[in-house]
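Undergrad: requesting a structural model of the entry that follows:
(one chain, ligands or ions: 2)
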Amino acid sequence: MKKSFKAVLCIFLCFALLLPAVGSLAGTQPPLTVWVASDIHYRPQSDLGPVNEQEAIPGETLFNHVNYKGELLYESKAIIMEFLQRFENSSAEILLIPGDLTEDGYWSEHLAIAEILREFKNRTGKKIYLVPGNHDIRTSASNNRLDPEDFTELYREFGYDQALVRHDYSFSYTIDLDSSYRLLALDSVIYQVNGGRLSEDLLSWIDVQASRAKTDGKKLLAMVHHNVLDHFGVQSFAGNSMCLENYREIATKFADLGIKYVLTGHQHANDITMAVSAKGNRIYDIETGSLISYPNAYREISFSPDAVEVRTSYVDKIDFAYLGEGFNEEKLNYMRDDFPGYSREFFNAGMASVAYIMPDLIGYVAGALNVDEGTTAYNALCDFLVLAKDTMKLPLYDKTGTPEVDSVEEIAAEGGVTLERSDYKTIPELFGALYGNHMAGDETIPDDTLEVVLFKQCLKGNLIYLFSNLPSATVNSVLESFSLPALNIPADRTLTKMAKLAYAKTAANLVLTEIIRPLLRSITVDTYAPGDLNETLEPYGTNWDLPGKTAAITDHNYAIRILLVLVRIVLNSIKSIVLA
Ligand SMILES: [Ca+2]
Ligand SMILES: [Ca+2]
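TA: Numbers count the residues shown, from 1 in each chain. Ligands and ions are numbered 1, 2, ... in the order given. All right, here's what the predicted structure looks like:
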């Protein structure tokens, strides 16, 4: 009896030992699973200043510490530690970080985040590979910022020392993730600007790496900070620094080189877009949002010969032990009860804070429109921005009951528009609630949702008010800056109030239908297939049936449509002047 038990055990053990070998002979290699977290934007507590002394929005006690990007900087250490704890508890061995490790490239920020990652790696033995983002290397070694040359030294154990090949003129490298998949980690940073670029030399290097991967029988998975495809309908017009320069050519090149999947960050949104090259090859840009911004998402992606599985999870609680001093009970209670709700409202409040930093944006806006400082057009633009800023700070509803027109509600009423009731306090906060849907991903917000309806009402009311109150000198200066003809209003003629209002209403309707509606739809409804969060996608070497929604690289027509609207507004105003 004893003997036969031993024999059975022996046979069983033999099978057990043979199984892995049989498995590999049959090609059933386990899938490659990577975790992805992006745009960590770390700034240590010591660099932030006391949380209770921040005044981003005057009078605000709960979200007094917001910033216009909606990053939970003061809570970031606690968020990062919770995320790392989850990665440690998982069976995955590899974490990929597609850039923006730090908030602004300061030495103190780099040293602090590198230390957190190093301690984790040494303790757990798990692998972390990363590339720089535009916030990591801002300039040459000035203002206590990291010298570009120091990047690879500081982050040597996160890809650079283990690299198979490193590019000589950028912080790009390749590394094998397992026996089938090779990571193409690309540095797209242009010092001192936010946009991204892959140099000619780097693009040639990528060609060499692609043919080497083919020889070695490896599939290439790319990681780069900036996007290679558009992630919302009007991105090519509205967010030109989000994508790499010449991204359409680069996306086509990658697709044709067999680089089917690209992991990106930068925009702080969770989105997946697929496009097809002229030769019929497909490329997916899997963009991961900022770990420290709403909705605090991270990805788990598994690659196997059968499918690519994308799963999205969220940091939905934090350990208060990692918070700095000065968090009041109001903040702590909210975070304890509902961290996702806290994060979402913080994001909306971040948008609202834009109204208070608008004067700083004049240089940016003037630069974007090619308007020189000191010109009449520049002064007109200042006037316009101050007006816009004041409107953004106005309360949505008339709480004072005074006869003065001091709320969005009353401004809208002057143009004959009545606002829906809601708990929103300002227009930017309302915009944040809409934009947050794009950040979260899988956005499907119907046009008749309160937020969409209310936002359109606010804009319509404001535009009518703006158009009927703009002095003709201001209008002319702005038109001149676009090289459009000035309105020829004789000195002795003024518009009647009725004609002005009629013109203003027509112009407002035009702007709403032609500009605002497509813009809104592009952030409230997922523009490009596939879905953004939990998707089973085709593996390398296979093309599944195309999903229901048409995949596209970009909406080329949007900029042209805007120009046409401007021309129609000018024609319309000339007509109303003639009629007056
Ligand atoms: Ca999508
Ligand atoms: Ca989307």
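
Undergrad: might you report the residue contacts of V354?
TA: Residues in contact with V354, defined by Cβ atoms under 8 Å, 6 or more residues apart in numbering, are 68, 392, 428. From N, CA and C alone the C-beta is placed, and that goes for glycine too.

Undergrad: swap in 7 Å and give it another go.
TA: 68, 428 (Cβ atoms under 7 Å, 6 or more residues apart in numbering).

Undergrad: and for D390, the neighbour number?
TA: 12 (other Cβ atoms under 10 Å).

Undergrad: please confirm that it is located within a helix.
TA: Yes - when DSSP: H, G, I helix; E, B strand; the rest coil is applied, D390 is found to be in a helix.

Undergrad: while we're on T375, how confident is the model there?
TA: Listed pLDDT for T375 reads 76.

Undergrad: ok, it to ligand 1 distance?
TA: Relative to ligand 1, T375 is positioned 42 Å away (Cβ to the ion, to the nearest Å).

Undergrad: now G341
TA: From G341 to ligand 1 the distance is 25 Å (Cβ to the ion).

Undergrad: contacting residues around whatever residue of the stretch 1-150 of the chain ends up closest to ligand 2?
TA: For the stretch 1-150 of the chain, the residue closest to ligand 2 is S38, as judged by Cβ to the ion, at 15.4 Å. Contact partners of S38, counting by Cβ under 7 Å, 6+ apart, are 97-100, 265, 288-291.

Undergrad: distance between the ends of stretch 523-533?
TA: In stretch 523-533, first residue to last residue: 15 Å (Cα to Cα, to the nearest Å).

Undergrad: correct me if wrong: I362 contacts A380.
TA: No - at 11.5 Å, I362 does not count as touching A380 under the criterion of Cβ atoms under 7 Å.

Undergrad: tell me which of those two has more neighbours.
TA: For I362 and A380, the more surrounded residue by other Cβ under 10 Å is A380, and the numbers stand at 22 against 18.

Undergrad: run a quick neighbour tally on the residue nearest to T524 when sequence neighbours are not counted.
TA: Nearest non-adjacent residue to T524, counting by Cβ to Cβ, 6 or more residues apart in numbering: I445, 3.8 Å away. I445 is flanked by 17 other residues according to other Cβ under 10 Å.

Undergrad: in terms of pLDDT, where does I445 sit?
TA: 95.

Undergrad: how about the contacts made by it?
TA: So I445 contacts 437, 452, 524-525 (Cβ under 7 Å, 6+ apart).

Undergrad: nearest to ligand 1, of those residues?
TA: Checking these against ligand 1 with Cβ to the ion, the nearest one is V525 at 9.9 Å.

Undergrad: count the neighbours of that closest one for me.
TA: Neighbours of V525 under the rule other Cβ under 10 Å: 17.

Undergrad: isn't it right up against G441?
TA: No - using Cβ under 7 Å, V525 is not in contact with G441; the gap is 11.8 Å.

Undergrad: coming back round to it: ok, the spatially closest residue to the residue of the stretch 1-150 of the chain closest to ligand 2 that is not a sequence neighbour - contacts?
TA: In space, S38 comes closest to G265 once its chain neighbours are excluded; the distance is 3.2 Å by Cβ to Cβ, 6+ apart. G265 sits next to 38-39, 98-100, 133, 225, 287-288 when contact means Cβ under 7 Å, 6+ apart.

Undergrad: make it 10 Å
TA: 36-40, 97-100, 131, 133, 223-227, 287-291 (Cβ atoms under 10 Å, 6 or more residues apart in numbering).

Undergrad: roughly how far apart are it and ligand 1?
TA: 16 Å.

Undergrad: can you check A251 too?
TA: From A251 across to ligand 1, the span is 15 Å (Cβ to the ion).

Undergrad: what's the helix or strand for that residue?
TA: Assigned by DSSP states H and E, A251 belongs to helix 247-257.

Undergrad: list the helices and strands the next helix or strand after that helix packs on?
TA: The helix or strand immediately downstream of helix 247-257 is strand 261-264, counting by DSSP H and E. Under the contact criterion of 3 or more Cβ pairs under 10 Å, 6 or more residues apart in numbering; DSSP states H and E, strand 261-264 touches strand 32-36, strand 181-186, strand 219-224, helix 247-257, strand 271-276, strand 282-287, strand 297-303.

Undergrad: give me the domain ranges for the protein.
TA: 32-322, 394-531+545-579 (automatic domain parsing).

Undergrad: tell me what Y42 is bridged to.
TA: The partner list for Y42 in beta bridges (DSSP bridges) reads T102.

Undergrad: which positions in the stretch 151-300 of the chain make contact with ligand 2?
TA: Contact residues (Cβ under 5 Å from the ion) of the stretch 151-300 of the chain with ligand 2: D271.

Undergrad: for ligand 2, what is the nearest residue in the stretch 151-300 of the chain?
TA: Per Cβ to the ion, D271 is where the stretch 151-300 of the chain lies closest to ligand 2, at 4.0 Å.

Undergrad: how far away is that residue from T264?
TA: To T264, D271 is 9 Å away according to Cβ to Cβ, to the nearest Å.

Undergrad: next, show the common contact partners of those two.
TA: 227, 229, 231, 285-288.

Undergrad: who wins for neighbours among the contacts of I445?
TA: Going by other Cβ under 10 Å, T524 tops those with 22 neighbours.

Undergrad: look at it and report its pLDDT.
TA: 94.

Undergrad: that one reaches D448, doesn't it?
TA: No - T524 lies out of contact with D448 (Cβ atoms under 10 Å); the separation is 11.4 Å.

Undergrad: lowest-confidence helix or strand of the chain?
TA: helix 2-25 (a mean of 45; mean pLDDT, DSSP states H and E).

Undergrad: can I get the contacts of S38 in a markdown table including secondary structure and pLDDT?
TA: Below are these laid out as a markdown table (DSSP: H, G, I helix; E, B strand; the rest coil; pLDDT from 0 to 100):
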| residue | secondary structure | pLDDT |
| --- | --- | --- |
| I97 | strand | 98 |
| P98 | coil | 98 |
| G99 | coil | 97 |
| D100 | coil | 98 |
| G265 | coil | 98 |
| T288 | coil | 98 |
| G289 | coil | 98 |
| S290 | strand | 98 |
| L291 | coil | 98 |
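
Undergrad: now the residues you listed: which count as buried?
TA: Applying 16 or more other Cβ atoms under 10 Å to those, the neighbour count classes 97-100, 265, 288-291 as buried.

Undergrad: kindly report the residues of the stretch 251-400 of the chain close to ligand 1.
TA: Counting by Cβ under 5 Å from the ion, the stretch 251-400 of the chain comes close to ligand 1 at I272.

Undergrad: ditto for the chain
TA: With Cβ under 5 Å from the ion as the criterion, the chain comes near ligand 1 at residues 272, 526, 528, 532.

Undergrad: distance of the second one from H231?
TA: Right, D526. Going from D526 to H231 by Cβ to Cβ gives 9 Å.
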